[in-house]
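# curious how this folds, go ahead:
(one chain, ligands or ions: 1)
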Amino acid sequence: MCEPKPKYGIKVRQLLPDVYEFWCPACNQFHYFIASGAYQWNNQLLCPTVYPAINSSFSETHYCEVFINRGRLIYTQNCSHEKSGQILDMKNLA
Ligand SMILES: [Zn+2]
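Residues are numbered from 1 along each chain as shown. This next block holds a predicted model:
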């Protein structure tokens, strides 16, 4: 859970006007979402909530589906990796 007013520790950073990225420790790389259209998010870099789940597929055998809720990563049971079904704190990017 996020502190009410954290002073540092952004969890999501902006790449392009509508594109944001975050670190996924399960896939060991950044995933991104487009903050328009299908996704809704709270515009909180320090304490992000994004909806719906973000899907990232890198091969036919590696699949990642994660919700972002108040600075935490909630992996669904659909993930092919070992973090499937787990909840993790998001990594600070700065
Ligand atoms: Zn991932």
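# let me know the outermost residue of the protein.
E60 (21.1 Å; Cα atoms, centre = their mean).
# how about the contacts made by it?
Under the criterion of Cβ atoms under 8 Å, 6 or more residues apart in numbering, E60 has no neighbours. In short, each C-beta sits where N, CA and C put it, glycine included.
# any idea what Q14 is bridged to?
Y20 (DSSP bridges).
# what's the spacing between it and N78?
27 Å (Cβ to Cβ, to the nearest Å).
# got it, and G71?
22 Å.
# same deal with L93?
Taking Cβ to Cβ, one finds L93 at 25 Å from N78.
# so who does S36 touch?
Taking Cβ under 8 Å, 6+ apart as the test, what S36 contacts is D18.
# so the residue farthest from the centre of the chain is in which element?
Applying DSSP states H and E as the criterion places E60 outside every helix and strand.
# any stretches of this protein with poor pLDDT?
1, 3-7 (pLDDT under 70).
# interface residues of it facing the ion?
Listed as neighbours of the ion in the chain under the rule Cβ under 5 Å from the ion: 24, 26-27, 64.
# where strands are concerned, which of those count?
Here DSSP state E is the test, and the residues of the chain next to the ion give 24, 64 as lying in strands.
# can you add neighbour count and give the residues of the chain next to the ion back as TSV?
As requested, those are exported to TSV (neighbours: other Cβ atoms under 10 Å):
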residue	neighbour count
C24	21
A26	20
C27	18
C64	24
